[in-house]
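Asker: Show me the folded form of this:
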Amino acid sequence: MVISRLKRLARDYLPRRILIVLFKINDALVERSLEYRRFVDADNESRAKSSALPGVGNALTRYFDLVLNFDHRNPVAIDCAHNIFVIGSVLSKKPRNLLELGVGSGYLTLSLLHAIKYNGIGQLTSVDNWFDTHGLEPKVGSQLRAAGANVVCSSEKDFVVNAPTDAYDFLISDADHHHSAEWLDQHLRIVEHNGFIFFHDTNQPGEFPGLATIEARVKELGIPFYHFKESSRPDENCNRGLLFVINKKRN
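Answerer: Here you go, the predicted model:
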């Protein structure tokens, strides 16, 4: 809370040029203190040369390279097992219009782009207000844009509320953890009938009480779902929760 207030005061009273320099210095110091990469290096990953597996497209080979080499100690990123489940759903469902709310480390975003490339169809729109980087788009934003994502800097709520009804057939929500549950009806509205929706971090009632209510609300609406919330390995965080919803709309 105190840090958020200081950020707001800095944005309100310091010249933007000075603000950008200070934030970049701060982020550089944070990066050095971490034992893992804060963001994926989409440029380096796209240049990596992989031997295509027999019968498997190069995009899928690069996806598994990304998963196997990503440092899953990154607390912002989706868990390895959940990433593979989401990407498997994309590869199987073949969605045309995908919406990702919250880019975070860029790990899932890049994974989605690999799946879309393998499918040969689909467009990904990724929305983030970049709150964690003081409202300034990090380098990974332009990297993901160059890789094919439509990266939008916006309040996730504003984007969802203003999106057309049935605009998407696949949605992943990992944004605004303290408030996104408040516009669940809008998530359901903008995803078409039988579309897939994923909500991340839904099993942490102490830290994110709003997200923890989505399961019960979906159940009340009679919409089919499954809540993944169990870890079996000491190096995974599946217990944070991944709620999978099939958006069955009533006539």
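Asker: Give me the contact list for stretch 111-126.
Answerer: 57, 59-60, 62-63, 66-67, 83, 86-87, 90-91, 94-100, 103, 109, 144, 147-152, 168, 172 (C-beta atoms under 8 Å, 6 or more residues apart in numbering). Every residue, glycine included, has its C-beta placed from N, CA and C.
Asker: And for His178, the neighbour number?
Answerer: 11 (other C-beta atoms under 10 Å).
Asker: whoops, Val76 was the one
Answerer: As a burial measure, Val76 scores 15 neighbours (other C-beta under 10 Å).
Asker: so it makes contact with Val103?
Answerer: No - judged on C-beta atoms under 8 Å, Val76 makes no contact with Val103 at a distance of 9.7 Å.
Asker: before we move on, the earlier item: which among the contacts of stretch 111-126 count as buried?
Answerer: 59-60, 62-63, 66-67, 83, 86-87, 90, 95, 97-100, 103, 109, 144, 147-149, 151-152, 168, 172 (16 or more other C-beta atoms under 10 Å).
Asker: Among these, which ones are in helices?
Answerer: Among those, the members falling in helices (DSSP state H) are 59-60, 62-63, 66-67, 83, 86-87, 90, 109, 144.
Asker: any low-confidence regions in the stretch 51-200 of the chain?
Answerer: Confidence mapping of the stretch 51-200 of the chain against pLDDT under 70 gives the ranges 51-57.
Asker: what's across from Val127 in the sheet?
Answerer: Val127 forms beta bridges with Leu101, Val152, as assigned by DSSP bridges.
Asker: From Glu230, how far out is it?
Answerer: Using C-beta to C-beta, to the nearest Å, we find Val127 at a distance of 29 Å from Glu230.
Asker: The two - which one has more neighbours?
Answerer: Shown here are Val127 and Glu230; by other C-beta under 10 Å, Val127 has more neighbours (23 against 11).
Asker: Break down the stretch 1-150 of the chain into its strands, ranges please.
Answerer: 97-101, 123-128, 150-153 (DSSP state E, counting those that start in this stretch).
Asker: Out of those, which gets nearest to Lys219?
Answerer: strand 97-101 (21.8 Å; C-beta to C-beta).
Asker: Report all helices and strands that the closest one contacts.
Answerer: Strand 97-101 sits against helix 107-119, strand 123-128, helix 156-162, strand 168-173, with contacts defined as 3 or more C-beta pairs under 8 Å, 6 or more residues apart in numbering; DSSP states H and E.
Asker: still on that earlier bit, quick check: which of the strands of the stretch 1-150 of the chain is nearest to Glu220?
Answerer: strand 97-101 (22.4 Å).
Asker: Name the residues that touch that closest one?
Answerer: Under C-beta under 8 Å, 6+ apart, the answer for strand 97-101 is 90, 108-109, 112, 116, 122-128, 156, 159-160, 163, 167-176, 180, 190.
Asker: what does stretch 77-84 give?
Answerer: 67, 70, 72, 86, 104-105, 107-108, 111, 174, 200, 228, 236-238, 240, 242.
Asker: And that stretch, what's buried?
Answerer: For stretch 77-84, the neighbour count (16+ other C-beta under 10 Å) marks 77-83 as buried.
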